[in-house]
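Engineer: sequence-free structure coming up:
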């Protein structure tokens, strides 16, 4: 019986990491600003166009997306009747407790600590560091998709608590 429990645990872990990361959507239902998986990366659609039906009978959808984590641009094409993968994307706000070398110490509304999110690179990370050092209470928005997460924006916490 101990072996069964071990196998169940492994199965659950595998399911969390892969199967629920995306879901299928018919390509013709894609819209601008929607999320889609392009070249294995979660992207936001920034442009799309549909070509007329060719002699083989399928209208094609040409779409361009920006990787939501690294900003790289991708282009793809798919028959409108085929399915594309859409990443399950979630957002959450956390209070910044500390800014260490490369990582943020964050706390959610329930008081749970999270210390595995990197300080964003570039201007966003610089602003978070400066404003935190000035003593401002900051709320950071974390975007999570396909096993990756990143701080994408921040704002000063409203005065007077909740």
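Structural biologist: It's in. Note that this is a predicted model, so its numbers are computed, not measured.
Engineer: mean confidence score for stretch 48-56?
Structural biologist: For stretch 48-56, the mean pLDDT works out to 81.
Engineer: contacts for it?
Structural biologist: Here stretch 48-56 makes contact (C-beta atoms under 8 Å, 6 or more residues apart in numbering) with 28, 30, 31, 32, 59, 60, 61, 62, 63, 64, 80. C-beta coordinates here come from the backbone N, C-alpha and C atoms, glycine included.
Engineer: most surrounded residue in those?
Structural biologist: Per-residue neighbour counts (other C-beta atoms under 10 Å) across those peak at residue 63, which has 24 neighbours.
Engineer: distance check, the residue nearest to that residue when sequence neighbours are not counted against residue 119.
Structural biologist: In space, and not counting its chain neighbours, residue 63 is closest to residue 48: 4.0 Å by C-beta to C-beta, 6 or more residues apart in numbering. Distance of residue 48 to residue 119, computed by C-beta to C-beta, to the nearest Å: 33 Å.
Engineer: what does residue 139 give?
Structural biologist: 15 Å.
Engineer: give me phi/psi at the nearest residue to residue 81 once chain neighbours are set aside?
Structural biologist: Leaving aside its sequence neighbours, residue 81 sits nearest to residue 58 (C-beta to C-beta, 6+ apart; 6.2 Å). Backbone geometry at residue 58, expressed as degrees, to the nearest 10, gives phi -120, psi 130.
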